[in-house]
Structure formats: C-alpha cells, structure tokens
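Enquirer: what follows is a predicted protein model with its sequence.
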Amino acid sequence: MKLATLKDSTRDGKLVVVSKDLTRCSEVGHIARSLQAALDDWAHVGPRLARVAIGIETGSQPTLRFHEHDAASPLPRAFQRLEHSAGAVVQLASDSMVPPRSPIDIPADIAAVTSGVEVAVILGDVPMGATKAEALASIQLVMLANHLSVGGTALSPSYSPVAVSLDELGESWKDGALHLPFNLSINGKAVVAANAAVATGFADVIVEAARTRPLSAGTIVELASSGEGQSITVGDVIRISMKDPAGHSIFGAIEQTVAKAGAL
C-alpha cells in the first residue's frame, strides 16, 4: 500500500491511502487520523489500511483526486530521525520536515547547500537488543529523502510525497536494502545518480541503534547512497524520484526550489 499525509490545519496532517498509480486517494480518518497514530497501533491499523488500498484498486472504495503538491511529508514530524554516517549512527533533528514540493529556504548568509539523495524507512517499535530479523521486521514503510546540509550541519529534510509498504517494492527490496536507481535532475538536467543499494543495509543500522535502547514506532532511519552530494544554490530546482522496473513512479517526486528564507 501507499500512504501520504495531506496538509491541513494540524501539525500532523491528514492520513490518506493512495492508489498505486498515485492519481487517487481515500481519506482514512475513521481508522487513523495521522500516520503516527497508525504506527502506534500498526498491528491493528495496518491491515485495515491495506484493505482500503485493495478497495481503491478494485473500485469499491470512494476516492478523491490525489495531488502531490498537497502532500506534506508522510511524517511531518517524528519522535526521532537516525542516519548512518562515517561508520556511526547519529541522531538528527526531526521536529519539522519540509514538504516535498515546498521551497528549500536557506539563511541569507548561506550561498549554497548540499543535497544528498537517500532512502529512508519508518519503523514500528523495536526492542532493545533487537536481532537482525527483528530489525528487518520492524521496517513498515519506505520513502525517498532529500538530505540537506551546510558545512556538515544538517538542515530540515524533505521526504517523498508517498511512503510505501515493502510489498510494493517486490524483488527490488532485498536484504534490507532497496535495489533501484534514483532519478535526479537539477534545473531539468539529469544528474547521474547512484543506485539506492548501499554496503550497509538498514538491518545493521537498526541493530546498532537499538543495542542500548528501544526505538519507538515512527522512528525514521536514513541511508545515503554511494553517490556524491550535489551543491545547489538559490534559484536551482532539484527533482528526486524513483521508478519501478516497469517505469512507473513509486514514491512520487520531491521537487523543490532553493530560496532565501523570508524572500518574497
């Protein structure tokens, strides 16, 4: 299934189930108001959301038109966000995610930022001392990430409009890693992007993170691709997406323009 969060007047947005072709969605507030609420009771809520996804494809479920521009981050804020960097697991800011079609606002005294294309997973509850099998079983959803930084300092990240369950990825998800290439362009010009698969899979990172403490449902874990980060400056437009082997968009697209904070 594919899940998205639509912007509304609340901080956590409105959860919807999205069709496979990303054109339609169904509101599921009667099941879970937000994605975090769904993750908190995933054993019961997950199967209900999956049934809605089936209903969307068969035509038995009422739907609305889905527009990626209306989407916030699947999790507009998260309890924690972890990344594997330089051989260690580090914790990053997670209180405010930039929507996938909103500008990348940078401080007035900064000339450029570095964009790193990543794959991210959203976890269910993970016990302290989790095994590799438990770590893999805790991965509930996958999404793309635009990891932004200035001089090594991370900025608020952006995630794809849609987060997907593992069954949507088929054989492209193997050994705790996603084996598909990114589609990356800057100002409409394609940039050679690395394959999403990396040497360290998500299972190893989750095991390390949970070695001394449990991880709460809704934790986001990111892994950088092996490709170099891209330097982008004011006015640049970056677009990040990924297609399945049949050429269909999986997660929707992150498409953002770099802008000075507070500029009109």
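Expert: Structure's in. What do you need?
Enquirer: only C-alpha atoms from now on, for both contacts and neighbour counts.
Expert: Fine.
Enquirer: what lines up beside the lowest-mean-pLDDT helix or strand in the chain in the sheet?
Expert: Lowest by mean pLDDT, DSSP states H and E among the helices and strands of the chain is strand 153-154, with a mean of 82. Strand pairing for strand 153-154, determined by DSSP bridges: strand 139-150 (antiparallel).
Enquirer: if you count neighbours, what's buried in the partner strand?
Expert: Buried residues in strand 139-150, counted by 16 or more other C-alpha atoms under 10 Å: 139-149.
Enquirer: for stretch 219-234, same thing?
Expert: Neighbour count says stretch 219-234 has 219-226, 229-234 buried, by 16+ other C-alpha under 10 Å.
Enquirer: between the two ends of that stretch, what distance do you get?
Expert: Using C-alpha to C-alpha, to the nearest Å, one end of stretch 219-234 lies 31 Å from the other.
Enquirer: excluding chain neighbours, what is closest to L22?
Expert: With sequence-adjacent residues excluded and distances taken as C-alpha to C-alpha, 6 or more residues apart in numbering, L22 is closest to F66, at 6.7 Å.
Enquirer: residues contacting that neighbour?
Expert: By C-alpha atoms under 8 Å, 6 or more residues apart in numbering, the residues touching F66 are 18, 22-25.
Enquirer: need the residues that contact stretch 151-165.
Expert: Contacts of stretch 151-165 (C-alpha under 8 Å, 6+ apart): 1-5, 18, 68, 71-74, 92-94, 96-100, 140-149, 241, 250-254.
Enquirer: buried among those? Need that as a selection in ChimeraX.
Expert: Command for ChimeraX that selects the buried part of the contacts of stretch 151-165, burial taken from 16+ other C-alpha under 10 Å:
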select :1,2,3,4,5,18,68,71,72,73,74,92,93,94,96,97,98,99,100,140,141,142,143,144,145,146,147,148,149,241,250,251,252,253,254
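Enquirer: which members of the contacts of stretch 151-165 occur in strands, if any?
Expert: Among the contacts of stretch 151-165, the members falling in strands (DSSP state E) are 2-5, 18, 92, 140-149, 241, 254.
Enquirer: so who does the residue nearest in space to the middle of the chain touch?
Expert: When the chain is reduced to its mean C-alpha position, the closest residue under C-alpha atoms, centre = their mean turns out to be M143, at 3.1 Å. With contact set as C-alpha under 8 Å, 6+ apart, M143 has these partners: 119-121, 159-160, 162-164, 251.
Enquirer: strands - which of the residues you listed land there?
Expert: Short answer: the contacts of M143 in strands (DSSP E) are 119-121, 159, 163-164.
Enquirer: and for K243, the neighbour number?
Expert: 15 (other C-alpha atoms under 10 Å).
Enquirer: my read: it touches A196, true?
Expert: No. With contact defined as C-alpha atoms under 8 Å, K243 does not reach A196; the gap is 11.7 Å.
Enquirer: quick check: neighbours shared by these two?
Expert: Common neighbours of K243 and A196 (C-alpha under 8 Å, 6+ apart) are 180-182.
Enquirer: highest neighbour count among those?
Expert: Greatest neighbour count in these, by other C-alpha under 10 Å, goes to F182: 21 neighbours.
Enquirer: partner residues bridging S231?
Expert: Going by DSSP bridges, S231 forms beta bridges with T114.
Enquirer: hang on, isn't it packed against G116?
Expert: No. Under the criterion of C-alpha under 8 Å, S231 makes no contact with G116, lying 9.0 Å away.
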